[in-house]
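>>> here's a sequence, model it:
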Amino acid sequence: MPTPLSMLLAERIRRAGPLTVADYMQAALGHPEHGYYRTRDPLGAAGDFVTAPEISQIFGELIGLWIADCWDGMGRPDPLRIVELGPGRGTLMADVLRTLKVVPELAADPWLVETSPVLREAQRQRVAARWADTLADVPAGPMILIANEFLDALPIRQFVRDGGGWRERLVTVSADGGALEWTLGAPVGREAAGLPAALEAARDGDVAETCPDALALAAEVAARLARGGGAALFIDYGTTASRPGDSLQAVRAHQYQDPLAAPGDADLTAHVDFAALADAARAAGAAVHGPAPQSLFLEALGVFGRAQALKRRATAAQAREIDLAVHRLTAPDQMGSLFKAIALADPSMPPPAGFAS
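Numbering: from 1, shown residues only. Here you go, the predicted structure:
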């Protein structure tokens, strides 16, 4: 069944030609009327996916302690802008600010960078903060930025290895006009495609991905940190090295589906290339720490000790829920290995907590 957005995109393609994967993702997620993130709250059992802050309060509490440690390493600026990109329902920021009450001398100035009217309303129910459409709208000054499962939703471009070069993967309309389908563009060189040198050894048929928006964001954040001081923490799923692979996926009601089947009605994500992200940040002047597997990062911050403390005041049923949540966050076959944490920082700062070793 075509969605309203798929019909609009089909008409756009007939009028102007095939779309890049990036253009398709941008429309599917951000179309002002039919975009996935503009029209719904996608989180929780009733939504399409669950993120770490929704799994356990421990996650947000540990991030709060990480922020306090970074603030101390920054020389305790007053005030401190705490900025979250893609804050979902506001659960993470709410847990962070609650935890930071144990450090009353830290004057937090929280900002949420959010474009979805639906999610902004959910955030207002949980957090007293200020809102911005982009990071550039947040005033300058010492900053700690956090972003959990934000980079994976930024639009990617895909290229298929073909002989000595690459051809961009595009979205077009089937010959009968009834569905969206894949096609390939004209040949292009690796450098022109914006692909890292590590992909030079790719074989015919391999798919490579690049995320210009993620690299631009890393450079923007890094330059801001080098100029005004502070740190940034990105947690997401992805790879530590640039390598071929088709990671574009669509999720609807906690089930995977064809990425072209229901634009506007399904979440679209792709794995983060942490190596490319780190290179962009270093080039813009920031120190880079990690990436580290989420399990090791949370363990270094004290996830198991915090779980034990909570269980001492919990019922038997609550203790089981705490154990299940920590297992989901840290187990290698859950979120522990696929998810990575990477920190960008003012080069004058000591290594942030969780990355010191």
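>>> contacts only, for the residue positioned nearest the centre of the chain.
The chain has F150 as the residue nearest its centroid, 2.1 Å off, counting by C-alpha atoms, centre = their mean. Going by C-beta atoms under 8 Å, 6 or more residues apart in numbering, F150 touches 85-86, 234, 236. Quick note: C-beta positions are derived from backbone N, CA and C, even for glycine.
>>> go with 6 Å
By C-beta atoms under 6 Å, 6 or more residues apart in numbering, the residues touching F150 are 85-86.
>>> next, count neighbours for N148.
Using other C-beta atoms under 10 Å, N148 has 24 neighbouring residues.
>>> buried residues in stretch 175-193?
For stretch 175-193, the neighbour count (16 or more other C-beta atoms under 10 Å) marks 180, 184, 188, 190, 193 as buried.
>>> please disregard the earlier target; I meant stretch 218-238.
218-222, 224-226, 229-238.
>>> can I get that stretch in CSV, CA atoms only?
Only the C-alpha atoms of stretch 218-238 are listed here, as CSV (Å, rounded to 0.1, in the frame of the first residue of the first chain):
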residue,chain,number,x,y,z
ALA,A,218,31.6,16.5,13.7
ALA,A,219,33.6,19.3,12.2
GLU,A,220,31.1,21.9,13.6
VAL,A,221,31.1,20.5,17.1
ALA,A,222,34.9,20.0,17.1
ALA,A,223,35.6,23.6,16.0
ARG,A,224,33.2,24.9,18.6
LEU,A,225,34.9,22.8,21.4
ALA,A,226,38.3,24.0,20.3
ARG,A,227,37.2,27.6,20.3
GLY,A,228,35.0,27.7,23.4
GLY,A,229,35.9,24.7,25.5
GLY,A,230,34.1,21.5,26.4
ALA,A,231,33.4,18.0,25.2
ALA,A,232,30.9,16.0,23.2
LEU,A,233,29.7,12.4,23.6
PHE,A,234,28.2,10.5,20.8
ILE,A,235,26.7,7.0,21.4
ASP,A,236,25.4,5.0,18.4
TYR,A,237,25.8,1.8,16.6
GLY,A,238,28.4,1.4,13.9
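>>> mean confidence score for that stretch?
What stretch 218-238 shows for mean pLDDT is 97.
>>> who's in contact with it?
With C-beta under 6 Å, 6+ apart as the test, stretch 218-238 has contacts from 70, 74, 140-149, 151-152, 271-272, 274, 277, 280-281, 284-286, 338-339, 341-346, 352.
>>> coming back round to it: out of the buried residues of stretch 175-193, which is nearest to L260?
L180 (4.4 Å; C-beta to C-beta).
>>> which residues touch that closest one?
Each residue near L180 by C-beta under 6 Å, 6+ apart is listed here: 171, 260.
>>> where's it relative to D162, distance?
Counting by C-beta to C-beta, to the nearest Å, the separation of L180 from D162 is 22 Å.
>>> just the CA atoms of stretch 304-324, as PDB, please.
Taking C-alpha atoms only, stretch 304-324 is exported to PDB below (Å, rounded to 0.1, in the frame of the first residue of the first chain):
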ATOM      1  CA  PHE A 304      27.300  -2.600  37.600                       C
ATOM      2  CA  GLY A 305      27.900  -0.800  40.900                       C
ATOM      3  CA  ARG A 306      24.900   1.500  40.300                       C
ATOM      4  CA  ALA A 307      22.800  -1.500  39.500                       C
ATOM      5  CA  GLN A 308      23.700  -3.200  42.700                       C
ATOM      6  CA  ALA A 309      22.900   0.000  44.700                       C
ATOM      7  CA  LEU A 310      19.400   0.200  43.100                       C
ATOM      8  CA  LYS A 311      18.800  -3.500  43.700                       C
ATOM      9  CA  ARG A 312      19.400  -3.100  47.400                       C
ATOM     10  CA  ARG A 313      16.200  -1.000  47.600                       C
ATOM     11  CA  ALA A 314      14.300  -3.000  45.100                       C
ATOM     12  CA  THR A 315      11.700  -5.800  45.200                       C
ATOM     13  CA  ALA A 316      12.600  -9.100  43.700                       C
ATOM     14  CA  ALA A 317      10.700  -8.300  40.600                       C
ATOM     15  CA  GLN A 318      12.300  -4.800  40.300                       C
ATOM     16  CA  ALA A 319      15.800  -6.400  40.800                       C
ATOM     17  CA  ARG A 320      15.100  -8.800  37.900                       C
ATOM     18  CA  GLU A 321      14.100  -5.800  35.700                       C
ATOM     19  CA  ILE A 322      17.300  -4.000  36.600                       C
ATOM     20  CA  ASP A 323      19.400  -7.000  35.700                       C
ATOM     21  CA  LEU A 324      17.600  -7.400  32.400                       C
END
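>>> so for it, mean pLDDT?
Here stretch 304-324 scores 93 as its mean pLDDT.
>>> in that stretch, what counts as buried?
306-307, 310-311, 319, 322.
>>> show me these that map onto strands.
Applying DSSP state E to those, no entry is found in strands.
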